[in-house]
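Trainee: my questions concern the predicted model and sequence given below.
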Amino acid sequence: LAYGREPSESGRVHRDVKFRYQQGDPEVVGAMEELARYAEEARDALYRGDYERLGELMNANFEIRRRLYGDEALGRASLEMIEIAREMGLPAKFPGSGGAVIAMYRTEEEAERLIEAYRKAGYEAVKVQIERK
């Protein structure tokens, strides 16, 4: 999980898309339906341990959000954090809209390199461990 020292206010980011959704904008409604399918498929991929597919879905999720909101609304820092992970070949997406990014790594070495890359760029980064119950 990487984040900037000055998180953004997510209400500002969501306002236009929420309005468009409420108005029945086909692009937004279709994108939200697609994101819901991705969430279900991601849950299933997690249960199966299919991290390759989970990573593909993470990247696809981000691309839909980028298309809907646009780079200006997402902000330079958020886009830079995504790019840092992708330059290393790692999937990344927003866990919300407050200036954070979640990236998935395969090995401890990748995790350490990624954390170091984020810190060098001026971001905070921590490893998040998912525990199965």
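Mentor: Sure thing, it's come through.
Trainee: looking at the protein, which strand is longest?
Mentor: As far as residue count goes, and with DSSP state E defining each element, the longest strand of the chain is strand 100-103.
Trainee: that one pairs with which strands, and in what direction?
Mentor: Note on strand 100-103: by DSSP bridges, its sheet partners are strand 2-3 (antiparallel), strand 92-93 (antiparallel).
Trainee: what mean pLDDT does that strand have?
Mentor: Mean per-residue pLDDT for strand 100-103: 95.
Trainee: what's the helix or strand for L114?
Mentor: If you go by DSSP states H and E, L114 is part of helix 108-120.
Trainee: least confident secondary structure element in the chain?
Mentor: Each helix and strand of the chain was given a mean pLDDT (mean pLDDT, DSSP states H and E); the minimum falls on helix 10-22 at a mean of 74.
Trainee: flag every buried residue along the next helix or strand after that one.
Mentor: The first helix or strand that comes after helix 10-22 along the chain, using DSSP H and E, is helix 26-48. Across helix 26-48, burial judged by 16 or more other Cβ atoms under 10 Å covers V28, A31, Y38, E41, A42, A45. Yep, even glycine has a C-beta here, placed from its N, CA and C like the rest.
Trainee: list the contacts of the residue lying closest to E80 once chain neighbours are set aside.
Mentor: When the adjacent residues along the chain are set aside, E80 lies closest to A121, with 6.6 Å between them (Cβ to Cβ, 6 or more residues apart in numbering). With Cβ atoms under 8 Å, 6 or more residues apart in numbering as the criterion, the residues that contact A121 are E80, M81, I84.
Trainee: for the first one, report the pLDDT, please.
Mentor: If I follow you right, that is E80. In the prediction, the pLDDT value recorded for E80 is 96.
Trainee: tell me how many other residues surround it.
Mentor: Taking other Cβ atoms under 10 Å as the criterion, the count of residues near E80 is 16.
Trainee: quick check: angle from the helix or strand hosting it to helix 108-120?
Mentor: Element membership for E80, per DSSP H and E: helix 76-87. Between the direction of helix 76-87 and that of helix 108-120, the angle (axes from the mean of the first three to the mean of the last three Cα atoms, to 10 degrees) works out to 150 degrees.
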